[in-house]
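> need a 3D model of the following:
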Amino acid sequence: MEKHKIVDKKYLLPFILVTSLFYLWAIPNNLNDILIPQFMKSFELNRLQAGLVQSAFYMGYFLLSLPAAYIMDRYNYKTGLLIGLVLYAMGAFLFYPAAIVGTYGLFLLALFVIASGLAFLETGSNSFIAVLGDPATSTQRLNFSQSFNPWGAMSGVLIGNIFIFSGVEHSEAQVEALKASGQYQSYLHSEILRVIPPYMVIGAIILVIAFVMWKVKFPAESETGTHRKMDTKKEGSHGHFSKLFQYPHFVKGVIAQFFYVGAQVGTWSFMISYVKDYLQRPEKEAGYFLFASLLAFGVGRFVSTALMRKINPHKLMGAYSLINVVLAAVSVLLPGQLGGYTLVASSFFMSLMFPTIFAFGVKGLGPNTKIGGSMIIMAIIGGAVWTPVMGLISDQTKSLALAMIIPLVCYIYIFYYALKGSVPSGPLYEKDETVIASH
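Residues are numbered from 1 along each chain as shown. Presented below is the predicted three-dimensional model:
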C-alpha cells in the first residue's frame, strides 16, 4: 500500500509559517471578548455601545473577504497573506494612539483594520494548506493546522485576563470618592492604557512573521493551483451568483450561518458581564469562565468529529441545537450559578455548527461552490448585527439574562435548518468543488 506524506520536506517551511497563522488570527478574535467589559469600564459605555466592538470587527471580515479572494486569485497566496499580516500589525499598532488619545472610535477603527487583515489570512490559509502537497493527505494537513486555532483562542483570553484586566473594580462609593478628589479620569485612563502592551507585542510578532514569510520561497502558482488561468478554458468552470438562488438549502444555509455566528459571538461577548452580574464574580475570575467556554468549544470539535462517523450529521447538529435551545433558556429564566454554567456548556454544542452549516449549504452546487462558499462566509456579519442588539436589549430591560433570548432564537432556526432546511434541493450537481472553511 502506497504511503502518502502529509507534508513534503520542500514545503515544510511555508507549511509551518502558514500553520502559525491559524494560531495567530484566533488571538484578536477572542481578545474582543475581553475588550468589551474593559471598554465598558474605561469608557463608561453601555452594552449597546460596547457591542460595537464586534460590529467594527466583523464588518472588516464582511467587506474584505471577497477582495482578499480576488487578490489571491489574481496574484498568489503569498501576496494575499503578506497583505493580511501587514494589515493585522497596523491594526494592532493603532491601539497605541487610540489609548494615548483615549478615543473609543479610534479603537473601533483599529479593530476594523485588524479584521481586514484576518479576512486575508483566513481566506488564503485554509486553501493554501489544503493544496500544499499530496491531495490524498489534504484533509490531514488541514486538520493538523486547524488544531492550533483553539489554542490561539484560549491564549487570547488568557492574555487579556492577565494583562488587560487590572482586577481593580471600585464600588459606587469609591467612584464618588475618586470623582471628589479629581482622580477618577486618571483611573479611567490608566485602565485604557492597559491594552497597549499586549497589542504592541502582538503587532511586533506579526511583523516578524511577515518578514520571514516575505523571505521564504513559496511554491509556484502552478504547484498550488492558485491561478484561475489554468482552468478558464473548461466549460462551466465558473459559478454564477444568480444561479445560487435556485438552491433553497444554500439560501437557508446563509441565514443559518448568520444566526449561528450571532449566537456564538453574542454569547462570548457578554459572558464576562453575565458572570459578573449574576454570579457576583470579579472580572478576572469571570474571564476564566470565558476560558472554560473556549476549552469546551475546542474539546467539542474533536468529540463531534468522532461522533459524525457514527451519527448522521443532520441529526447530530439537530440534537446539539436543541440542547442549546434548552441551555440558553436556562440562562434566560434562571440567571445565576446554573445560568452561568449552562452558558459555558453551550460552547461545547456550538463547536460543530459553523463547518457543518457550511458543508450543508454548498452541497450539490457544483461550479457555483466557490462563490456560494464565499457567501456563507460573509454571513459572519451576524456577529456584527446580533451583538449590539443583545446590548440594546440588556440596556433597555436592565437584564443581560433577557438578552440571551437572541442566541435561543438563533438555535431554534439552526434546529430547523439541521433537520429540514438543509436537505439539498434545486438543480443539483453530482460532484462539488473542494472548498474548505473554518472559524
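
> when you work out contacts or count neighbours from here on, use the C-alpha atoms and nothing else.
Will do.

> how about low-confidence regions in the stretch 301-439 of the chain?
Within the stretch 301-439 of the chain, the ranges that satisfy pLDDT under 70 run 430-439.

> what about the helices in it?
Secondary structure of the stretch 301-439 of the chain (DSSP state H, counting those that start in this stretch): helices located at 313-333, 337-350, 353-361, 369-378, 382-397, 400-403, 405-416.

> low-confidence ranges in the stretch 1-150 of the chain?
1-4, 139, 143.

> which residues sit in contact with Gly318?
Gly318 is in contact with Ile414, Phe415, Tyr416, Ala418, Leu419, counting by CA atoms under 8 Å, 6 or more residues apart in numbering.

> name the nearest residue to Thr342, ignoring sequence neighbours.
Setting aside the residues directly before and after it, Thr342 is nearest to Leu327 in space (CA to CA, 6 or more residues apart in numbering), at 5.2 Å.

> look at the one you found and say how many residues are nearby.
22 (other CA atoms under 10 Å).

> list the contacts for it?
Counting by CA under 8 Å, 6+ apart, Leu327 makes contact with Gly339, Thr342, Leu343, Ala345, Ser346.

> can you put those in JSON lines and add neighbour count?
As requested, those are arranged in JSON lines below (neighbours: other CA atoms under 10 Å):
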{"residue": "Gly339", "neighbour count": "23"}
{"residue": "Thr342", "neighbour count": "20"}
{"residue": "Leu343", "neighbour count": "26"}
{"residue": "Ala345", "neighbour count": "20"}
{"residue": "Ser346", "neighbour count": "23"}
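
> just the helices in the stretch 1-150 of the chain please.
12-42, 47-74, 77-93, 95-101, 104-131, 138-146, 149-159.

> what sits up against the fourth one?
I take that to be helix 95-101. By CA under 8 Å, 6+ apart, helix 95-101 touches Tyr104, Leu106, Phe107, Ala110, Ile192, Leu193, Val195, Ile196, Tyr199, Met200.

> for Ala92, state which of these is nearest.
Tyr199 (5.2 Å; CA to CA).

> could you check how far the spatially closest residue to that closest one that is not a sequence neighbour is from Ala119?
Of all residues beyond its chain neighbours, the one nearest Tyr199 is Ala92 (5.2 Å), with distances taken as CA to CA, 6+ apart. Applying CA to CA, to the nearest Å, the value for Ala92 to Ala119 is 15 Å.

> check Gln257 too.
Gln257 is 17 Å from Ala119, by CA to CA.

> how about the contacts made by Ser273?
Residues in contact with Ser273 (CA under 8 Å, 6+ apart) are Pro37, Ala286.

> look at it and give its secondary structure.
Of the three states, Ser273 takes helix according to DSSP: H, G, I helix; E, B strand; the rest coil.

> ok, the closest residue to Phe148 other than its chain neighbours - contacts?
Residue nearest to Phe148 in three dimensions, not counting chain neighbours: Tyr23, with 5.1 Å by CA to CA, 6+ apart. Each residue near Tyr23 by CA under 8 Å, 6+ apart is listed here: Phe148, Asn149, Pro150, Trp151, Gly152, Ala153.

> does the third one really touch Ile27, like I thought?
So that's Pro150. No: judged on CA atoms under 8 Å, Pro150 makes no contact with Ile27 at a distance of 9.3 Å.
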